[in-house]
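In: starting from these lines, generate the structure:
(one chain, ligands or ions: 2)
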Amino acid sequence: MTNHTKNIAILGSTGSIGTQTLAVIKDNSHLFRAFLLTAHSNADLLISQAIEFRPEYAIICDESKYAQVKTALAHLPVKVLAGHQAVIDTITHPDITVVLTAMVGFAGLEPTIAAIKAGKDIALANKETLVVAGDIITSLAKQHGIKIFPVDSEHSAIFQCLAGEEANKIEKIILTASGGPFRGRSLDFLADVTREDALKHPNWVMGAKITIDSASLMNKGLEVIEAKWLFDVEADQIEVIVHPQSIVHSLVQFNDGSIKAQLGLPDMKLPIQYALTYPNRIPTSYKRFNFTDYPTLTFEKPDFDTFRNLSLAYAALKKGGNMPCIINAANEVAVAGFLNRSVGFLTMSNVIEECMQHINYIEQPTLTDYLNTDKETRIFAQNLIQQMPIKAVQF
Ligand code: NDP
Ligand code: MG
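Out: Numbering: from 1, shown residues only. Ligands and ions are numbered 1, 2, ... in the order given. Prediction:
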């Protein structure tokens with residue numbers, strides 16, 4: 001390790017973003033070291049990653065897997081810890097340069113806050129953190145003088161378009177969406193789709209939760225909220241456009257009317273790497289985009305009536321307060337229900353809407369309010385699913 005090596009902590013190293021981050025680190029071991037790896041319960045993969053990358057820490061959140069990981073790594077100088085609290089405590093380690101948040105869902109919030117308070121820059125993949133508590137995260141980031149580098153491909157595209165434009169006013173952000181596997185489908189069709197249908201994303205291979213979110217367009221809704229906080233724009237300055245080829249990763253329109261876009265083949269390693277090397281670019285051997293392979297790039301309006309989650313996310317953003325936290329928690333419960341076949345595809349939006357109507361609205365929530373809102377919404381959504389008539393939820 002040289003003085004120039006960045007020590008990377010990867011929250012969620014065993015997931016889709018986590019493993020691709022390790023691939024970037026491996027390709028650039030002169031620049032990066034995997035300093036801390038965490039998994040939820042995939043002990044086998046965490047062990048093999050720790051054997052290969054020799055991090056300072058390997059943390060398994062599921063405490064019942066501690067003995068397995070500890071024993072397997074006993075011959076190595078890797079410190080093995082277990083539990084969610086261990087992640088929060090260790091993420092502040094003085095040797096960590098940047099924390100890449102690649103765990104899924106609300107679980108990312110507290111470790112991200114701990115990292116920011118310890119002065120760590122954040123490479124943010126875990127969009128749920130900004131959806132839930134964007135106001136707290138962005139003000140803490142200012143207060144502690146840290147940077148948040150977007151990993152999400154659309155937000156990385158915008159971030160790349162904004163390089164050198166710091167003094168210029170954004171008129172509009174245009175987020176592209178692939179439209180997912182059900183683009184162009186009717187409500188009747190969606191009523192009967194299965195988890196297998198929804199897990200077939202046309203352009204990206206990702207974790208299960210975000211893949212379902214992409215099929216329901218909730219992923220784009222969450223990204224609209226993420227964009228508000230990352231780029232300090234309002235809901236009416238964020239437009240979503242469906243672009244099925246996923247080549248134009250997003251666009252920014254400035255106040256002179258000029259539009260800048262970032263293009264490339266869909267490959268998350270590029271935005272991951274840019275978040276770690278910003279403001280520099282480093283060479284890669286990734287496959288290059290060629291216009292003649294894609295003679296037709298198309299763009300269409302999203303169908304807000306069929307994909308109601310996108311409308312609900314905009315409504316939550318406009319309402320503000322703890323409403324985005326409510327839709328996030330309701331959506332996590334609904335998606336888990338869809339994945340275990342206890343909730344139908346369209347019912348997911350009903351669960352979210354019910355939660356938006358019934359959970360106590362708080363205009364200026366504190367962190368404790370967000371934690372409580374998350375808990376309260378999960379319980380409410382879970383009860384709602386249990387009370388639903390079998391026919392409404394199963395297929
Ligand atoms: P995966 O499901 O593939 O991986 C999630 C990771 O988080 C795994 O390491 C998992 O551990 C860990 N994890 C899951 N639940 C918990 C928990 N409760 N506590 C601690 N750790 C947990 O997800 P992705 O990599 O696809 O996505 C990660 C984040 O990045 C999400 O927020 C997603 O929205 C965002 N993102 C992903 C993109 C992609 O291409 N995949 C693109 C843009 C954003 P284990 O393996 O042990 O279960
Ligand atoms: Mg994205």
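In: mind listing what whatever residue of the chain ends up closest to ligand 1 touches?
Out: Closest to ligand 1 within the chain is residue 15: 1.9 Å, counting by Cβ to the nearest ligand atom. Backbone N, C-alpha and C define where each C-beta goes, glycine included. By Cβ atoms under 8 Å, 6 or more residues apart in numbering, the contact list for residue 15 reads 102-104, 207.
In: of these, list those near ligand 1.
Out: Restricting the contacts of residue 15 to those touching ligand 1 (Cβ under 6 Å from any ligand atom) yields 102-104, 207.
In: and the closest residue to residue 62 other than its chain neighbours, which of the three is it?
Out: Spatial nearest neighbour of residue 62, chain neighbours left out: residue 41 (3.9 Å); criterion: Cβ to Cβ, 6 or more residues apart in numbering. Following DSSP: H, G, I helix; E, B strand; the rest coil, we place residue 41 in the coil state.
In: could you do residue 184 as well?
Out: coil.
In: chain neighbours aside, what residue packs nearest to residue 318?
Out: Residue 318's closest residue in space is residue 235 (Cβ to Cβ, 6+ apart), at 5.1 Å.
In: list the contacts for that neighbour?
Out: Applying Cβ under 8 Å, 6+ apart, the residues near residue 235 are 224, 228, 314, 317-318.
In: where does the prediction get shaky in the chain?
Out: Counting by pLDDT under 70, the chain has low-confidence residues at 1-3, 390-395.
In: quick one: the helices in the stretch 151-300 of the chain?
Out: In the stretch 151-300 of the chain, the helices defined using DSSP state H, counting those that start in this stretch lie at 153-162, 187-191, 195-198, 208-216, 218-231, 269-277.
In: next SSE downstream of the helix or strand that residue 140 is a member of?
Out: Assigned by DSSP states H and E, residue 140 falls within helix 127-143. Sequence-wise, the next helix or strand downstream of helix 127-143 (DSSP H and E) is strand 148-150.
In: what packs against that following strand?
Out: Helices and strands touching strand 148-150, by 3 or more Cβ pairs under 8 Å, 6 or more residues apart in numbering; DSSP states H and E, are strand 121-124, helix 127-143, helix 153-162, helix 218-231, helix 269-277.
In: relative to residue 210, how far out is residue 182?
Out: Remark: distance between residue 182 and residue 210 (Cβ to Cβ, to the nearest Å) = 15 Å.
In: and these two? which has more neighbours close in?
Out: The residue with more neighbours, out of residue 182 and residue 210, is residue 210; 24 against 21, by other Cβ atoms under 10 Å.
In: identify the residues contacting that one.
Out: Residue 210 touches 16, 104, 219, counting by Cβ under 8 Å, 6+ apart.
In: check residue 76 too.
Out: 50-51, 54.
In: same check, this time on residue 310
Out: 217-218, 220-221, 224, 240, 302, 304.
In: swap in residue 36?
Out: 8-10, 55-59, 90-91, 93, 96.
In: so among these, which ones count as buried?
Out: 8-10, 55-59, 90-91, 93, 96 (16 or more other Cβ atoms under 10 Å).
In: closest one of the residues you listed to residue 32?
Out: Closest approach between the buried ones among the contacts of residue 36 and residue 32, by Cβ to Cβ: residue 8, at 5.4 Å.
In: three-state assignment of that closest one?
Out: Criterion first, three-state DSSP; result for residue 8: strand.
In: let me see the contact set for it.
Out: 21, 25, 32-36, 96-100, 276.
In: check residue 226 too.
Out: Residues counted as contacts of residue 226 (Cβ under 8 Å, 6+ apart) are 127, 130-131, 134, 150, 152, 155.
In: now render these as CSV, adding neighbour count.
Out: Conversion of the contacts of residue 226 to CSV gives the following (neighbours: other Cβ atoms under 10 Å):
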residue, neighbour count
127, 29
130, 31
131, 26
134, 20
150, 27
152, 28
155, 28
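In: tell me which of those residues is nearest to residue 332?
Out: Taking those together and measuring to residue 332 by Cβ to Cβ, the closest member is residue 131, at 10.6 Å.
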